[in-house]
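Peer 1: the following comprises the amino acid sequence and a computationally predicted model.
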Amino acid sequence: MLQQDLSTGLKSGKIFRGKIRINPGNVNESYVTVPGLPHDLLVRGEINRNRAVEGDEVAVKVQPPFAWFIRNKVAQQQNQQNQQQQVPADPQTRRGPEECPWQDCTSPDQVKQVLCELLAAKPELRATAKVTGILAPSAKRDQLVGLLRLVGRLPDPSLPSWDPATEASMPRPLSAVVEDALAGDAAGEPGDEGRAHLHLIPVDPRLPICRVRASQVYNMSAALLAGLLRGEPAAGRTLVSGLVRYWNPNSLHPVATLRASLGQAGEIESETAAILEAEAIRSGEFEADVLACLPPLPWRISEQDLEGRKDFRSHRVFSIDPPTAKDLDDALSIEPLPGGDGWRVGVHIADVSHFIEPFSALDVEAGRRATSTYMVQRVIPMLPPLLCEQLCSLNPGEDRLTFSVVWDMGKDGSIRSTWFGRSVIRSCAKLSYPLVQRMIEGDFRAQDTGVWLHGDGVTWDQVEADSLALWSLAKQLRAARFNGGALRLDNTRLFFSLDNDGNPVAAAPYVQKEANQLVEEFMVLANISVAQFVSGVFPDRAMLRRHPPPNESKMGELRDAAQAAGVQLDVSSASSLQASLAALRASEPPEVEGQSAVERLSSAARHRRMVDLVIMLATRPMQLAKYFSTGDCEDALELWRHYALAVDHYTHFTSPIRRYPDVVVHRQLAAALDVTEKGLSPLAAAEKHRLLDPSLTCAALGLTERAIERKDGRAGNRGAHLHRGEPTRGGLGAAPASVRVSND
């Protein structure tokens, strides 16, 4: 498409733009979201997709109504009967000069209005579209990971019996012989359709099968080539990475260049390398210029570092984390208010921004990595280990620089006042979720903890009492949140047991208990409080996080699907959906007279599976939470709202060791404190903390919940099941071990 035609089409609404998403379960279905339409545009088949791949930003043209997809099977059958009986077509959908009722529209809003009216009148229809151009290629084109497959016949029938072990005695190397065999495929298109050629079959079914040039065989080992010639099963083949080089408009397959061999499929390290390559995760060692930004060792907090910081080192502060955690970026404290009529609760977060100079090599690398990546058997950190495991980690018994949010609360969890500031703490203990859970359940015994307490006079009785007081407040905060309309959709997540070699030997559902909820409530409250404070000082540039409401049409489909299964869901609001799901979780399967104990157990298991399925289906209409700058919608405060949390202001502040947006928010909080405490103007404070350059936040704003999830989740599937078969097109592909809609 010519640039002029594209520009004209976008202005008139004849063409829309958006990112294409391909259904991994059915690659013949793709979707493009157009704001203002009741549902996504459906792109059916490879021809209409027009060489677009997952994540491409594309230009799409809505097809005439007669070509729209009929979603309802009954309506499909009726439509076929009408065609057979030659019933005159509806005026809105007949072919001819008026085949596009929006033909005379002159703006996108007018076209959307017509489309909405048509879809409202014909709810059984799904608007379809055709890709007319690729505006911005997806990075996925450079992240191919898959298996090679030999297609067609070889000119020399003896080739499959070639033994790489005796190759040294052969007159010609195997790679040269194979290149000759594939010579007809040198340009990426076979001269003889029956002649042998190579395909790269991506693991991700959303990416296209690619042709591989014959010359690429010189990048392959003799063992790999011999396995291909013998038709070796996929489980024994080598995973390779590559990138799309070009795509001929008349070809079904693009031409790819191989980049590297990743190792044998099914091996832990090979599969890990494949995940990292496919998701473009920067997993290498930190470069010398990045490490040069770190403070020299031994490092100690100086008097200058302490200036302007509130000292919490004499307070009982402790962290609560998974037992194996090394990057401890949050800690809690609690003490009674004078008079005993409430509590003073502190959330203390590692001051990572103290060590990261804006625009330094360290800052740039952290922004590129964007988040730490948690695999089943390893962590790929966002920051060098010196920071994430030592100087920033809130390790017990060590002085650490922090940002703190401190609330004075009533015993019912009501907030009376809030204080923000830089601080210094010395944690007295590294508690774990299981340990705190035992405290909550009344099963705690100090002699069994295996945890050291630090600090003069600190006792386990005090730490236990603090933990229980925090839980008492957290319960009330949580109840208030859900009474206020919050929604939580947690599907089953897996955790794995590993042997000494790092191989998974068992898997089980990860169950969130009260100890997890204790920490979650105070982290959510800290994020809300910081969002309110920073956006109040910088209404034109605060980085917040919003969660748009779900698509109404999809919520209606969820309600209807649940009703067909005998489940009543009220989807009118987040609060009503939460109440419906809570009632469903608490329900029991109906008792049937004469059922045996085994039958009752089977019925209960089916009921639990049904509940899990409904919760999974409820995640599908949900949109992704997004970072945004308040300046982009300063006059539309309703767009700031977070649907799942049911709050008007939210951000990410509590995980700066593992998430780059939190580092940006810390800088904004520091600037806001300079305005409120030192009297600087907002502009002067923004300049001081170098907030005016948009490149500082571009990595953070581009980080979505889906990006975070795909970095964490895909490891689970391959960790649990490493017996790889050849990827199938239209199959399920590599599904994550867990699916969840994040509360934040």
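Peer 2: That came in fine, so what should we check first? Numbering: from 1, shown residues only.
Peer 1: run a quick neighbour tally on Asp693.
Peer 2: For Asp693, the count of nearby residues is 11 (other C-beta atoms under 10 Å). For every residue, glycine as well, the C-beta is placed using N, CA and C.
Peer 1: nearest spatial neighbour of it, skipping sequence neighbours?
Peer 2: With C-beta to C-beta, 6 or more residues apart in numbering as the criterion, Asp693 has its nearest non-adjacent residue at 7.6 Å, and that residue is Phe359.
Peer 1: shouldn't Trp516 be within a helix?
Peer 2: Actually, residue 516 is Asn rather than Trp. Yes: using DSSP: H, G, I helix; E, B strand; the rest coil, the assignment for Asn516 is a helix.
Peer 1: list the contacts for it?
Peer 2: Tyr433 (C-beta atoms under 8 Å, 6 or more residues apart in numbering).
Peer 1: next, work out how far apart it and Tyr627 are.
Peer 2: Distance, Asn516 to Tyr627, by C-beta to C-beta, to the nearest Å: 24 Å.
Peer 1: ok, now Ile15?
Peer 2: On the measure of C-beta to C-beta, Ile15 and Tyr627 end up 28 Å apart.
Peer 1: how are the strands of the stretch 1-150 of the chain distributed by residue range?
Peer 2: Counting by DSSP state E, counting those that start in this stretch, the segments of the stretch 1-150 of the chain that form strands are 16-22, 29-32, 41-44, 57-62, 69-70, 125-126, 129-136, 144-151.
Peer 1: could I get those strands as a markdown table with distance to Asp461 and mean pLDDT?
Peer 2: Formatted as a markdown table, the strands of the stretch 1-150 of the chain follow (distance: least, C-beta to C-beta, whole Å; pLDDT from 0 to 100):
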| stretch | distance to Asp461 | mean pLDDT |
| --- | --- | --- |
| strand 16-22 | 55 | 95 |
| strand 29-32 | 57 | 96 |
| strand 41-44 | 62 | 95 |
| strand 57-62 | 59 | 95 |
| strand 69-70 | 66 | 88 |
| strand 125-126 | 63 | 90 |
| strand 129-136 | 60 | 94 |
| strand 144-151 | 54 | 86 |
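Peer 1: just send those strands back as TSV, with distance to Glu303 and mean neighbour count too.
Peer 2: Formatted as TSV, those follow (distance: least, C-beta to C-beta, whole Å; neighbours: other C-beta atoms under 10 Å):
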stretch	distance to Glu303	mean neighbour count
strand 16-22	51	20
strand 29-32	58	21
strand 41-44	62	22
strand 57-62	52	23
strand 69-70	70	15
strand 125-126	67	18
strand 129-136	51	19
strand 144-151	52	22
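Peer 1: could I get whichever strand or helix holds Arg608 in PDB with only the CA atoms?
Peer 2: Per DSSP states H and E: Arg608 is located in helix 597-619. Coordinates of each C-alpha in helix 597-619 appear next as PDB, following Å, rounded to 0.1, in the frame of the first residue of the first chain:
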ATOM      1  CA  ALA A 597     -19.000 -42.300  48.400                       C
ATOM      2  CA  VAL A 598     -16.900 -42.800  45.300                       C
ATOM      3  CA  GLU A 599     -19.500 -41.100  43.200                       C
ATOM      4  CA  ARG A 600     -19.700 -38.200  45.600                       C
ATOM      5  CA  LEU A 601     -16.000 -37.700  45.400                       C
ATOM      6  CA  SER A 602     -16.100 -37.900  41.600                       C
ATOM      7  CA  SER A 603     -18.900 -35.300  41.500                       C
ATOM      8  CA  ALA A 604     -16.900 -33.000  43.800                       C
ATOM      9  CA  ALA A 605     -13.800 -33.300  41.600                       C
ATOM     10  CA  ARG A 606     -15.900 -32.400  38.500                       C
ATOM     11  CA  HIS A 607     -17.400 -29.400  40.300                       C
ATOM     12  CA  ARG A 608     -13.900 -28.100  41.200                       C
ATOM     13  CA  ARG A 609     -12.800 -28.500  37.600                       C
ATOM     14  CA  MET A 610     -15.900 -26.600  36.500                       C
ATOM     15  CA  VAL A 611     -15.100 -23.800  39.000                       C
ATOM     16  CA  ASP A 612     -11.600 -23.600  37.700                       C
ATOM     17  CA  LEU A 613     -12.800 -23.500  34.100                       C
ATOM     18  CA  VAL A 614     -15.300 -20.700  34.800                       C
ATOM     19  CA  ILE A 615     -12.600 -18.600  36.400                       C
ATOM     20  CA  MET A 616     -10.200 -19.300  33.500                       C
ATOM     21  CA  LEU A 617     -13.000 -18.200  31.100                       C
ATOM     22  CA  ALA A 618     -13.500 -15.100  33.200                       C
ATOM     23  CA  THR A 619     -10.000 -13.900  32.500                       C
END
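Peer 1: now do that helix: which elements does it pack against?
Peer 2: Under the contact criterion of 3 or more C-beta pairs under 8 Å, 6 or more residues apart in numbering; DSSP states H and E, helix 597-619 touches strand 489-490, helix 552-564, helix 574-586.
Peer 1: at 6 Å what do you get?
Peer 2: strand 489-490 (3 or more C-beta pairs under 6 Å, 6 or more residues apart in numbering; DSSP states H and E).
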